[in-house]
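1. Fold the following, please.
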Amino acid sequence: MILFLKNLVIRRMDNIRFTLFLAFSVIILMLYQAWDLDYGPQPILTEQTASGQPVAADMPNATTATNANNALNNSQDVPLQSSYAEQLIIVETDVMRLEIDSKGGTLRNLDLLKYPKEKENTYFNAARKLIGLDKEKKDLQPIRLFNSEDEKLFLAQSGLIANSGSSKIASHHTIMDVEKNNYHLQAGQNSLRIPLTWTNESGIQVTKTYIFSRDSYLIQVEQKISNYSDQAWSGRQYTQLLRKPYTEPNANSFIRTYTGGVIYTEEDKYQKVDFDDMEDENLSVDNKGGWSAMIQHYFAAAWIPPAENDNHFYSKKLDNYQYVLGSYSSSVNIAPHSEKILSSQLFVGPKIQPMMEKIATGLELTVDYGWLTFVGKPIYWLLNFIFSFIGNWGLSIMGVTLCIKLLFFKLSETSYKSMAKMRKIQPKLQQLKERYADDRQRFNEEMMSMYRKEKVNPLGGCLPIMVQIPVFISLYWVLIETVELRQTPFAFWLTDLSAKDPFFLLPVLMGITMKIQQSLNPAPIDPLQAKIMKMFPIVFTVFFLFFPSGLVLYWVVNNTLSIIQQWYITKRIEAED
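-> Numbers count the residues shown, from 1 in each chain. Presented below is the predicted three-dimensional model:
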């Protein structure tokens, strides 16, 4: 048994480079498959139910409160009607345009004016014109986050629920009065206030006010309850997001990011609540402060209740494949002839981390680096820091790459020294292979003896690289998740670092640098392995053709720096002979 194990170890030493590379490839494939299962796009479902969606099903259920007086008044499940028709309020600021439905003040059809869906590439269009082709068609309309279309349904809803024994109150089904139908943030104006009002037969008046500010994606929401009746009123406010799973048809199939719900609580911190979770069971979590959100690649919508208040977070699966995620507050009491304002905030916009950090604790975590967040956040900070001096995100990526190479300089040096020594003894290993072609055991024994004599460790070239892998993966997620890179130009034809290179020059250059780097490494003794290794630059070039140019730029710069370092070390080792 000891002899068998010894021979097994020797054989593995012989093929250690190929084995490690193959194992790493298998791990990457398994991680991708598991990640795709968890975070891949949900199927677009259009099946309709025969009965339609019950109106009350999308209301939060507050009957779980310990106090019997906090039970939801079931009589308000039926939408409250009024004598006037439902209206839409058009609101436009410097960063967004949206509609507010007079039915409950629901936010819908919100466009992010500074973020078009696609971007034209003038260099690519000029090249197409030279060969007689028409200009490439691009959708230059702004990103629409909230959407009232059935297939892409995504709404922000809010309202009030009355406790048992209190009179009816305005929910997101209640039609409310509006002052006017159009609001536009004028030059020199810093904010807009859009009020909606409703009064019930008992004398309870609700004024829901949306406050928009210049250059801000944060919307303040105030629900003022004025009790003009002779009876006390008690209840709570709720805020929720309603969404259908949907994947844009032109999304990059090579880049899979998470789309779904998340909540942040003091106990569990950042927690994903995907559509499958909502399908399986309803979320029910009590917490002080926190927030709930629906996120997607680059953008997010989050309801943020006051941090000092107790809140209950919930989710619901509705008919027609609709999902609700939100929270409701603890009960409040309003004495007769008094009033109270219940406030909340709604963030809806790009996931820019420095901006989100100022809004709510943990909101920047919607920029999801997974389990490597503790590595990804410092890398993003460095990227942002370099950009603050250079003002070019492409050069910032190159700067981060250089910093990482400097950080791992000694580890890389150890790896390249080991590879250089392996390359140096390669002719001797080939002679041993030819001499003991018919005696595999003797060849392995002689090979291990040569390793000891030459002081070469076959693992020395691989282990330092394995240590750096978490940093490389983190950098990958930073470059994929950073919205600042979206549609950001670098130089010349690279006008969008988040899109593929239109001329595929960067991926080809990456393949060339990979081939050069491979030529500096010791070739496998096994001819079959050598042929397989030669195919890797071609395979990776094809694979990288459709990757974001910012990510390919990183690999080109990283490979170039590695070539310089490895060439220098290899020449130095060979000169010592």
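2. Listing request: residues of the stretch 451-577 of the chain with sub-threshold pLDDT.
-> By pLDDT under 70, the weakly predicted segments of the stretch 451-577 of the chain are 454-467, 521-527, 529-530, 570, 573-577.
3. could you pull out the helices for it?
-> Counting by DSSP state H, counting those that start in this stretch, the stretch 451-577 of the chain has helices at residues 463-481, 505-519, 527-544, 549-575.
4. Using TSV, lay out those together with distance to residue 169 and mean neighbour count.
-> Bear in mind the C-beta positions are built from the backbone N, C-alpha and C, glycine included. Below are the helices of the stretch 451-577 of the chain laid out as TSV (distance: least, C-beta to C-beta, whole Å; neighbours: other C-beta atoms under 10 Å):
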stretch	distance to residue 169	mean neighbour count
helix 463-481	40	18
helix 505-519	58	18
helix 527-544	57	14
helix 549-575	50	19
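5. Domains in the chain, by residue range?
-> 76-368, 376-575 (automatic domain parsing).
6. Next, the buried residues of stretch 394-410.
-> Within stretch 394-410, the residues that qualify as buried are 394-401, 404-405, 408, counting by 16 or more other C-beta atoms under 10 Å.
7. mind checking which helix or strand residue 126 is in?
-> Under the criterion of DSSP states H and E, residue 126 resides in helix 122-130.
8. Give me the contacts around the very next helix or strand once past that helix.
-> Note on helix 122-130: by DSSP H and E, the next helix or strand toward the C-terminus is strand 142-144. Contacts of strand 142-144 from elsewhere in the structure, counted by C-beta atoms under 8 Å, 6 or more residues apart in numbering, are 97, 109-117, 152, 299.
9. List the buried residues of the longest strand seen in the chain.
-> Longest strand in the chain by number of residues, with DSSP state E as the criterion: strand 338-350. Across strand 338-350, burial judged by 16+ other C-beta under 10 Å covers 342-350.
10. how close does the residue lying farthest from the centre of the chain get to residue 451?
-> Of all residues in the chain, residue 435 has its C-alpha farthest from the mean position, at 56.3 Å, by C-alpha atoms, centre = their mean. Counting by C-beta to C-beta, to the nearest Å, the gap from residue 435 to residue 451 is 17 Å.
11. ditto for residue 388
-> 49 Å.
12. So which of the two has more stuff around it?
-> Taking other C-beta atoms under 10 Å, residue 388 and residue 451 do not tie; residue 451 has more neighbours (18 against 9).
13. coming back round to it: just send the helices of the stretch 451-577 of the chain back as JSON lines, with distance to residue 362 too.
-> Shown next, in JSON lines, are the helices of the stretch 451-577 of the chain (distance: least, C-beta to C-beta, whole Å):
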{"stretch": "helix 463-481", "distance to residue 362": "16"}
{"stretch": "helix 505-519", "distance to residue 362": "35"}
{"stretch": "helix 527-544", "distance to residue 362": "34"}
{"stretch": "helix 549-575", "distance to residue 362": "26"}
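14. I'd like to know which of the ones you listed is closest to residue 268.
-> With C-beta to C-beta as the measure, helix 463-481 is the member of those nearest residue 268 (21.4 Å).
15. follow-up on the earlier one: mean pLDDT for the domains of the chain: which is lowest?
-> If you rank these by mean pLDDT, domain 376-575 sits at the bottom with a mean of 80.
16. In a markdown table, list the domains of the chain along with distance to residue 59.
-> Shown next, in a markdown table, are the domains of the chain (distance: least, C-beta to C-beta, whole Å):
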| stretch | distance to residue 59 |
| --- | --- |
| domain 76-368 | 6 |
| domain 376-575 | 34 |
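17. so where do the helices sit in the stretch 301-450 of the chain?
-> Using DSSP H, counting those that start in this stretch, helices in the stretch 301-450 of the chain cover 353-357, 373-390, 393-407, 409-424, 426-435, 440-454.
18. and the angle for the last one with helix 426-435?
-> When you say that, I think you mean helix 440-454. In terms of direction (axes from the mean of the first three to the mean of the last three C-alpha atoms, to 10 degrees), helix 440-454 departs from helix 426-435 by 160 degrees.
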